[in-house]
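> One predicted model, sequence on top.
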Amino acid sequence: MKVVHDLEIVALRKRYGAFTAVDDVSLRVGKGQFVCLLGPSGCGKTTTLRCVAGLEEPDEGDILIGGKNVTNDPPWERDIAMMFQDFALFPHMTVEKQVGFGLEMRKWPALKRDKRVAEVLKAFEIDRFANRKPGSLSGGQRQRVALARAMITEPRLLLLDEPIGALDYSLRETVMIELKTLQRRTGISFIWVTHDQNEAFSLGDLVVVMNHAKIEQQGSPEEILQRPRTPFVAGFVQGNNVFHGKVEDVRGEEAAIGTAAGRFVVPLRGVAAQPGQAASFSVRAERLRPAPPGDWPNRLATSCRTVEYFGSVRRYILERPDGEVMKLDQFGAEPAFLAADGAAEIGWPTEAGVLHG
Amino acid sequence: MSTIRPRSLPAYLLALPAGLWMFGAVVMPALLILWVSLWGGTAFGPGNPITFANYERFFANASYRGLIANTFLHTLMLMAITGVMGYGIAYFLVMKVTSRAWRTALFLAFIIPFWTSALIRAIAWVPFLGVNGVINQALMGLGLTERPIEIFLYSRTGISMAQVSLYTLMASGPVVYMLAQIPPSLREAAMTLKAPPGVVFRRVIFPLTLPGVVIGQVLVFLSVMADFATVQWIGGNKIALLPNLILNFYEGAQLRAAAVVSVVLMACMLVGTFIAMRVVDIRKLGT
């Protein structure tokens, strides 16, 4: 049996004049997956989403929703719903009318529609505002209305463009948990665009990191956090220390990389490396340790600039001899093992290094 | 935010100069006209008894009643034409012209003619509409007609053509403003909710621009109802609407009759504006 993907993007390309907004992006979303498109602003994640919605016409490539090629279909013929960053609520319609709009467009009979709208308003806990207009609602209430309006049509795909970016910080975590539960329960695939990696890693089954119109890496949150494949991903994801240099030597399953801060040994893990070639690798902050045991080949002398305490983590900001800054994380419940303004030799076991490429 | 609180003394003082001016230039003359329209007797002076006889005489005349109906009909037709054209122009300027330079250029082309006075613009139509005017020359040049068409000048057609050009901007301007306020995401949201473009316009765009449409219609209504100059210049002495009657009576030194027609015209305009206010709360604009 052929596997039907909820969404398949094939070699998508979109240009605005000389500027390429989306460059050769391909992506497959399985049934009921939660996908997060993550990247800095201007990386093409929103344009990709808008191409899926049909709000932008791609220059090249194909978009398949539920196995059907919709590349040339207008938005109103696609099996999608979308949530906008500003929620895009219709200011002249009551909440009730607004949420029922999608069903009205699908020509549901009025009685059946009213019943369904009432159910959905109750489920989203906005039945109290049924007769109010968006202007008199708070940010959180508007977000619920926008979500109810999109979800009531039970689309195959829900596209969300920074859907909680406009909410108060304190509200975001609650809303995230609710949305994740909702996504699991309904089995609708969510494509969630965000520049916030906390959102992406806590919500996504699949995280797609984009930069400069291209996909840098896609995978589970764990893959991307533990095995960044490019220096951009390693640098963009919090908690990585990135080193740039040259391959000096390849021996067995390990490569020696010469950098401005010294020479370090990194496992290859299938990455091809030739001596003399430029290379980069990263080490997560929680894998660094002070006073490394004698058999660790990777070590360097630093000085501790400041210590930040977050409760679960104690973060040391270290300065390398060449002036670059490194981060070292310690479990927050342990007593501090470095003092600010002190010199510290740090190191990491070879297997903690991640060679990019 | 203003530091002057509403309903405080400084707030009233700020309103005082304009208030005094409006009272002296608008309210007082209007009351005077109302008073004069009620003068009875044969002599012309403030000692006359107050009576409704002038109004009775006016409304007893079938041709005057017909003139009121005519004026309304003419105005409604102008509102319909300028409304549709104005909306089209506004929609085109805001939604279809994506280049900023083009939008500015077109907007200027649209607005610059209005830097001249309404009277000049009305008179400027005469050489266009005349028997040997530009329109007839063009029609004959194109071979569309053999002899000049005489219906343009000194006719309702000609008056309407001139007034459409004079007042379309009024119908269009407020719509441009309202359209420009609508975030593009509203149209996109409606489309992703399965609304095709026609429905998006009917259910989302048009309702949101309705206040602009109504304000534009009120402006056109008031202007056309009061426009005696265009009717006079393009219509010659063949065509008259209610405001021309005022002029006729005035020139014939029938000041009481002129006052009566003025009051009737004012009443018609007040009723029209009142109806418009019932449709849309203009005070809510800009909030």
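That came through fine.

> Point me to the residue of the stretch 151-300 of chain A nearest chain B.
Chain B sits closest to A:Thr153 of the stretch 151-300 of chain A, with a gap of 7.1 Å, by Cβ to the nearest Cβ. C-beta coordinates here come from the backbone N, C-alpha and C atoms, glycine included.

> How about the residues of chain B by chain A?
Proximity of chain B to chain A, by Cβ under 8 Å from any Cβ of the partner chain, involves residues B:183, B:185-186, B:188-196, B:199, B:203-204, B:207-208.

> Please, a PyMOL command that selects the buried ones among these?
A single PyMOL command selects the buried members of the residues of chain B next to chain A (16 or more other Cβ atoms under 10 Å in any protein chain shown):
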select buried, chain B and resi 185+186+188+189+190+191+192+193+194+195+199+203+204+208
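
> hmm, who's touching stretch A:259-268?
Residues external to stretch A:259-268 that are found in contact with it (Cβ atoms under 8 Å, 6 or more residues apart in numbering or on different chains): A:243-245, A:248, A:250, A:253-257, A:281, A:297-298, A:300, A:320-322, A:324, A:350-351, A:353-355.

> swap in stretch A:116-124?
Stretch A:116-124 has contacts (Cβ under 8 Å, 6+ apart) with A:95-96, A:99-100, A:103, A:108, A:127, A:130, A:144-145, A:147-148, A:151-152.

> List the buried residues of it.
A:117, A:120-121, A:124.

> roughly how far is that stretch from the heart of the chain?
30 Å (Cα atoms, centre = their mean, to the nearest Å).

> Now restrict the contacts of stretch A:259-268 to buried residues only.
A:243, A:245, A:254-257, A:281, A:298, A:300, A:320, A:324, A:353-355.

> ok, so of those, who is nearest B:Pro10?
Distances from B:Pro10 to the buried ones among the contacts of stretch A:259-268, taken as Cβ to Cβ, are shortest for A:Glu324 (61.4 Å).

> circling back: in the buried residues of stretch A:116-124, which has the lowest confidence score?
Within the buried residues of stretch A:116-124, the minimum per-residue pLDDT falls on A:Phe124 (91).

> Emit the ChimeraX select command for whichever of the contacts of stretch A:116-124 are buried.
In ChimeraX syntax, the buried subset of those is picked out as below (16+ other Cβ under 10 Å):
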select /A:95,96,99,100,103,108,130,144,145,147,148,151,152
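
> In helices, which of the contacts of stretch A:116-124 appear?
A:95-96, A:99-100, A:103, A:144-145, A:147-148, A:151 (DSSP state H).

> what two of the residues you listed are the furthest from one another?
Largest separation among the ones in helices among the contacts of stretch A:116-124 by Cβ to Cβ: A:Leu103 and A:Arg144, giving 17.5 Å.

> Can I get the contacts of stretch A:116-124 in a markdown table including pLDDT?
Output for those, formatted as a markdown table (pLDDT from 0 to 100):
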| residue | pLDDT |
| --- | --- |
| A:Val95 | 96 |
| A:Glu96 | 96 |
| A:Val99 | 96 |
| A:Gly100 | 96 |
| A:Leu103 | 96 |
| A:Trp108 | 95 |
| A:Asp127 | 93 |
| A:Ala130 | 94 |
| A:Arg144 | 93 |
| A:Val145 | 96 |
| A:Leu147 | 94 |
| A:Ala148 | 95 |
| A:Met151 | 93 |
| A:Ile152 | 94 |
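
> For the contacts of stretch A:116-124, work out which two are farthest apart.
Among the contacts of stretch A:116-124, A:Trp108 and A:Arg144 lie farthest apart (Cβ to Cβ), at 21.4 Å.

> rewinding a little: give me the subset of the residues of chain B next to chain A lying in strands.
The subset of these located in strands under the criterion DSSP state E is empty.

> out of the residues of chain B next to chain A, which are inside helices?
Reading helices off the residues of chain B next to chain A with DSSP H, I get B:185-186, B:188-192, B:199, B:207-208.

> Output those as a markdown table; include the columns distance to B:Thr157.
Formatted as a markdown table, those follow (distance: Cβ to Cβ, whole Å):
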| residue | distance to B:Thr157 |
| --- | --- |
| B:Ser185 | 45 |
| B:Leu186 | 41 |
| B:Glu188 | 44 |
| B:Ala189 | 45 |
| B:Ala190 | 41 |
| B:Met191 | 42 |
| B:Thr192 | 47 |
| B:Val199 | 37 |
| B:Pro207 | 34 |
| B:Leu208 | 35 |
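
> Out of the residues you listed, flag the one nearest to B:Ala257.
Nearest to B:Ala257 among those is B:Pro207, at 45.0 Å by Cβ to Cβ.

> got the residues of chain A near chain B?
Near chain B, when you scan chain A using Cβ under 8 Å from any Cβ, you find A:53-55, A:74-76, A:78, A:80-82, A:84, A:86, A:88-92, A:101-102, A:105-106, A:149-150, A:153, A:159.

> Now restrict those to buried residues only.
Among these, those buried by neighbour count (16+ other Cβ under 10 Å) are A:53-55, A:75-76, A:78, A:80-82, A:84, A:88-90, A:92, A:101-102, A:105, A:149-150, A:153, A:159.

> In strands only, show me those.
Using DSSP E, these in strands are A:80-82, A:159.

> Between all of these, which two are separated the most?
It's A:Ala81 and A:Leu159 that sit farthest apart of these, by Cβ to Cβ, at 7.2 Å.

> Which residues are in contact with each of the two?
Counting by Cβ under 8 Å, 6+ apart, the contacts common to A:Ala81 and A:Leu159 are B:Thr192.

> Run through who's touching stretch A:310-322.
Applying Cβ under 8 Å, 6+ apart, the contact partners of stretch A:310-322 are A:260-261, A:285-286, A:300-309, A:325-332, A:334, A:336, A:338, A:344, A:346.

> Show the end-to-end separation of that stretch, please.
Counting by Cα to Cα, to the nearest Å, you get 28 Å between the two ends of stretch A:310-322.

> buried ones in that stretch?
Across stretch A:310-322, burial judged by 16+ other Cβ under 10 Å covers A:314-318, A:320.

> ditto for stretch B:108-122
Neighbour-count burial for stretch B:108-122 [16+ other Cβ under 10 Å]: B:110, B:121-122.

> Pull stretch A:170-190 out as CSV, backbone CA atoms only.
C-alpha atoms of stretch A:170-190 as CSV (Å, rounded to 0.1, in the frame of the first residue of the first chain):
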residue,chain,number,x,y,z
SER,A,170,3.0,33.8,31.0
LEU,A,171,0.2,32.5,28.8
ARG,A,172,2.3,30.8,26.2
GLU,A,173,3.3,27.7,28.1
THR,A,174,-0.4,26.8,28.9
VAL,A,175,-1.4,27.4,25.4
MET,A,176,1.4,25.3,24.1
ILE,A,177,0.4,22.3,26.2
GLU,A,178,-3.3,22.8,25.1
LEU,A,179,-2.4,22.9,21.5
LYS,A,180,-0.2,19.8,21.7
THR,A,181,-3.0,17.9,23.4
LEU,A,182,-5.5,19.1,20.8
GLN,A,183,-3.2,18.0,18.0
ARG,A,184,-2.7,14.5,19.5
ARG,A,185,-6.5,14.1,20.0
THR,A,186,-7.6,15.3,16.6
GLY,A,187,-4.9,13.7,14.5
ILE,A,188,-4.7,16.8,12.4
SER,A,189,-1.2,17.6,11.2
PHE,A,190,0.1,20.9,12.5
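
> So what touches it?
Looking at what lies outside stretch A:170-190 - Cβ under 8 Å, 6+ apart - the contacts are A:6-7, A:29-35, A:139-140, A:143, A:147, A:151, A:154-158, A:160, A:163-164, A:167, A:199, A:202-203.

> Just the buried ones from those residues?
Applying 16+ other Cβ under 10 Å to the contacts of stretch A:170-190, the neighbour count classes A:6-7, A:29, A:33-35, A:140, A:143, A:147, A:151, A:155-158, A:160, A:163-164, A:167, A:199, A:203 as buried.

> give the contact list for the closest residue to B:Leu242 other than its chain neighbours.
The shortest distance from B:Leu242 to any non-neighbouring residue, by Cβ to Cβ, 6 or more residues apart in numbering or on different chains, is to B:Thr71 (4.2 Å). For B:Thr71, the contacting residues are B:225, B:241-243, B:268, by Cβ under 8 Å, 6+ apart.
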